[in-house]
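> Dropping a prediction and its sequence here:
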Amino acid sequence: VEIPKEFQHKKVHNAPTKPLKSILKKSSYAEEPRRVKRANKKKNVSLNLREPNEDDTGKKTKKKKRDKDNSKKNRPSANWQLHDTQFASQIQNGIETVQNPLYNPDLVALRVQLDGMRAKAAKVGAEPAVLDLSGKELTSLPAVICKHNYLSVINLYMNQICSLPPEIGNLTNLIQLGLNENSLFHIPKAIGQLEALQILDLRYNRLQDLPPEIGNLKNLKRLFLRYNRLIALPDTLGNLTQLELLSVRNNSLYEIPESVNNLTKLRVLDVHQNQIGRLPSIGNMTELVDLDAQYNQLSRLPKDIENLKKLRKLRLGHNKIKEFPVEICEIRTLEELDLEGNMLVGLSEKVKNLNNLKQLYLSRNKLTTLPENIGNLVRLRQLFLNCNRLSEIPASFGKLRELKEVDLGTNNFTVFPNPQLFRYVTTLNIHDNMIETLPANVNEMKSIKTLDLGENQLRNIPESFCTINSLTNLRLNCNELNDLPENFDCLMSLRNLQADNNLFEELPPQVGFLQSLTALSLLDNDLNDLPDELINLHKLKQ
């Protein structure tokens, strides 16, 4: 990078010359070029810029006789050195240009930007100073940033930063620091000096530990640590009494420090996908509304979890819980409860207390029955019971008027449950069971829109089925059907019909009058021909 014109040191070699001593002063930022100044000989001169034809004593050597071919004005470059830094000088057309390898135009532009931000921040009522260096392929934090302690927000995400300098502690007015998606292995102790910090984002790094000094961040409200390599958290984490959100999902934690019970203002605790075998006492977290502990090694819950009177979402899926945790039945504010992928064999009768529950996930357990009072969950909208060992549904199921989606797939049903229990259901999945017939009153499912009857042993469909006017999606794959009812064309709202892997030899012509049909699948049947009536399916796309 050549020095700009105004900084160039010009010297015409044809003019009389004198012994020259020059100094190249190192800038405080070491990124911008400085003018090469002439000076007389002084003590402690760190850089001696001499003419190429001078010897070490400063005296001129005898000039060689020039040939006619040596009349060019261009001369070879001279190399000068400042400590360990090489400075090259190119002489061209009688003009000497010094190239400074320390010059970085990006950092010079950064300095100009920071100086402008400093001036704005000094004004009364100025907005918070925000520095965004995200996605700049930085491998380290530019040291110049740490001198500007007026900064309020620094975004450095999506870079390649491996470490932070101790000087980061000088940014005492920093409110938000975004370092996600970098390559950080450690955080310096100086992070504890950022006492004004409220948001610290360290997601998607390679952190293996945290310094105890992180507990000094008394004003921190949100701490993001997900997708790192943490195996432990410091006990000082309990000092962050203003913390509202703590996310440590997708790490390698085996435990959570007992001190977290001091986080009385915490609203969200996310420890998803770690190796945690037990949760500490959390009864003091009375402001907690969302607790996610999925994909861990939990076998039971702390008894004081019943104190969390504001908890709305409790996700405990994919753990090793064998007995239904009765303590959670005292949390009447719960709206979502996820116990999928555990080892439950039954539900407590006290589940009726959760009368604000809207979503209940119980898939992939070992349930054989449901409590009769499950009908007390009058606000329930979604119920997932697939991959269990159920063979019947309690009669109180019909009280669930808000229930819209039910999944009973992969259970032990041999008889289709009473259709009256699904009067208000819009989506019913009962695939992968052993059902042979549908009841005559199947049309009492008056609100059904999506029905999955695949992977059963159905041999026929009753004519009453075709009076379900609300049905739009029907899946009949992998049954033993070889015909459809004559009034099948009455399903005027049907848009998607799947009947793969059945025993059809010919397709009933009634299918050609399903004018709303947009998708039809008949793979792996014994069809030899298709009816001409299919030409009427003007909306068919696949």
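Yep, it's here.

> Around N342, how many other residues sit close by?
N342 has 22 neighbours, counted by other C-beta atoms under 10 Å. (C-beta placed from N, C-alpha, C; glycine too.)

> To clarify, my last question referred to N477.
Here the number of neighbours of N477 (other C-beta under 10 Å) works out to 19.

> Ok, the one 3 residues further on next?
Using other C-beta under 10 Å, E480 is surrounded by 13 other residues.

> so is the closest residue to it other than its chain neighbours in a helix, a strand, or just coil?
Using C-beta to C-beta, 6 or more residues apart in numbering and skipping residues adjacent in sequence, the residue nearest E480 is R459, 4.9 Å away. Under the three-state scheme (DSSP: H, G, I helix; E, B strand; the rest coil), R459 adopts coil.

> Also E533?
Following three-state DSSP, E533 is assigned to helix.

> Distance of Q193 relative to T368?
Going from Q193 to T368 by C-beta to C-beta, to the nearest Å gives 59 Å.

> higher neighbour count, those two?
In this view Q193 and T368 are compared by other C-beta under 10 Å, and Q193 has more residues nearby, 19 against 14.

> low-scoring stretches of the chain, by residue?
1-108, 122, 124-125 (pLDDT under 70).

> which residue ranges form the helices in it?
105-121 (DSSP state H).

> Run a quick neighbour tally on F488.
20.

> do you know how far it is from V260?
Noted for F488: a distance of 60 Å to V260, by C-beta to C-beta.

> try N411
Distance from N411 to V260, counting by C-beta to C-beta: 39 Å.

> Could you do P509 as well?
Counting by C-beta to C-beta, the separation of P509 from V260 is 67 Å.

> More neighbours: which of those two?
Legend: neighbour count by other C-beta under 10 Å for P509 and V260, higher for V260 (23 against 16).

> tell me the contacts of that one?
V260 makes contacts with 237-238, 246, 266, 269, 280, 282, 285, as judged by C-beta atoms under 8 Å, 6 or more residues apart in numbering.

> I'd say E505 and L527 touch.
Yes - using C-beta atoms under 8 Å, E505 is in contact with L527, at 6.7 Å.

> For the stretch 51-200 of the chain, just list every one of the strands.
Here the stretch 51-200 of the chain has its strands, by DSSP state E, counting those that start in this stretch, at 75-82, 85-92, 95-99, 130-132, 153-155, 176-178, 199-201.

> sorry, back to before: now which of the contacts of V260 would you call buried?
Neighbour counting by 16 or more other C-beta atoms under 10 Å classes 237-238, 246, 266, 269, 282, 285 among the contacts of V260 as buried.

> How about the contacts made by S470?
426, 446-449, 493.

> any chance of those in TSV, with distance to L540 and neighbour count too?
What follows is these, written out as TSV (distance: C-beta to C-beta, whole Å; neighbours: other C-beta atoms under 10 Å):
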residue	distance to L540	neighbour count
T426	24	17
K446	27	14
S447	26	15
I448	23	23
K449	20	18
S493	15	16
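
> now E455: how far from T410?
Separation of E455 from T410 (C-beta to C-beta) stands at 8 Å.

> which residues do those two both contact?
By C-beta under 8 Å, 6+ apart, the residues touching both E455 and T410 are 431-433.

> Switch those residues over to JSON lines; also include neighbour count.
Formatted as JSON lines, the shared contacts of E455 and T410 follow (neighbours: other C-beta atoms under 10 Å):
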{"residue": "H431", "neighbour count": "22"}
{"residue": "D432", "neighbour count": "17"}
{"residue": "N433", "neighbour count": "22"}
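
> And these, which is closest to R389?
N433 (11.3 Å; C-beta to C-beta).

> Please consider this matter closed, and thank you.
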